[in-house]
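Asker: 3D model of this:
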Amino acid sequence: MFRIITVEREFGAGGSLVAAELARRKGWQLLDQQLTCEIAKLAALDERDVARREEKCDPLLHRLAKVFWRGSYERSLPISDDKIFGADELVSLAHTVIENKAREGNCVIVGRGAPYILRARPDAFHVFIYGTREKKIHRLIKLKWSEEEATEMVDTIDRERAAFVRRYFNAEWPCRRLYHLMLNSDHGIRHTTDVILATMESLERQGNMGPPGQSAHLEPVRQRTV
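Answerer: Residues are numbered from 1 along each chain as shown. Coordinates of the predicted model:
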């Protein structure tokens, strides 16, 4: 049986909303902003430590770390710069927290590299949510973003996510062979959730679980010391 769902998503495609609905209908724990908070708590760094680390951190990587750290922009949690440190440390902490949560099971994990980190687990179902540019911008506007801001974020955030994944997981984003299902969310959150649950149930009935495609052949997450 699947005990974990990872939800990777294009920015504005409603992946966090899908994840929340999946968690509600399965009665599982949702790990979106809670995951961000747990990583921040585990970091436990003061401002002076962060400042010293920032001097050694490429400005681009620092920006990418913010994208990774905050996770869901659709429900972004304001985190000040004193809680953002090197991308290397960030990936290492995320790896630890995500693996611990996966061992507990019965959880839906949003982003943070989870499908790469958990790619070899047979009890993890991996889904990628995408959408048309117009629908993504419209969804963000409905969530009280300005049109200018929504357009800019839709056009830039995914490029930064892709750059981060290339550097730290040695893969393209999205890495199609990682996912059991890649789904267009333009038809709505409920429909998208229905399709995901139906696909999971079908695979479980067939006993056709395990990592999809050739995902196990990805190189391991890179660990660096700054």
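Asker: please make it C-alpha for all contacts and neighbour counts, starting now.
Answerer: Will do.
Asker: secondary structure element holding residue 125?
Answerer: Taking DSSP states H and E as the definition, residue 125 sits inside strand 124-130.
Asker: just list what that strand packs against, helices and strands only.
Answerer: Taking 3 or more Cα pairs under 8 Å, 6 or more residues apart in numbering; DSSP states H and E as the contact definition, the neighbouring helices and strands of strand 124-130 are strand 4-9, strand 181-184.
Asker: name the next helix or strand downstream of the longest one, please.
Answerer: Same thing as strand 4-9. Beyond strand 4-9 toward the C-terminal end (DSSP H and E), the next one is helix 15-26.
Asker: same for that next one, what does it pack against?
Answerer: With contacts defined as 3+ Cα pairs under 8 Å, 6+ apart, helix 15-26 has these neighbours: strand 4-9, strand 29-31, strand 107-110, helix 189-206.
Asker: chain center to the shortest one: distance?
Answerer: So the one you mean is strand 29-31. Computed by Cα atoms, centre = their mean, to the nearest Å, the chain-centroid distance of strand 29-31 equals 12 Å.
Asker: ok, and what's touching it?
Answerer: When contacts are taken as Cα atoms under 8 Å, 6 or more residues apart in numbering, the neighbours of strand 29-31 outside the stretch itself are 19-20, 23, 106-110.
Asker: at the geometric centre of this structure, which residue do we find?
Answerer: In the chain, the residue lying closest to the centroid (Cα atoms, centre = their mean) is residue 111, at 0.5 Å.
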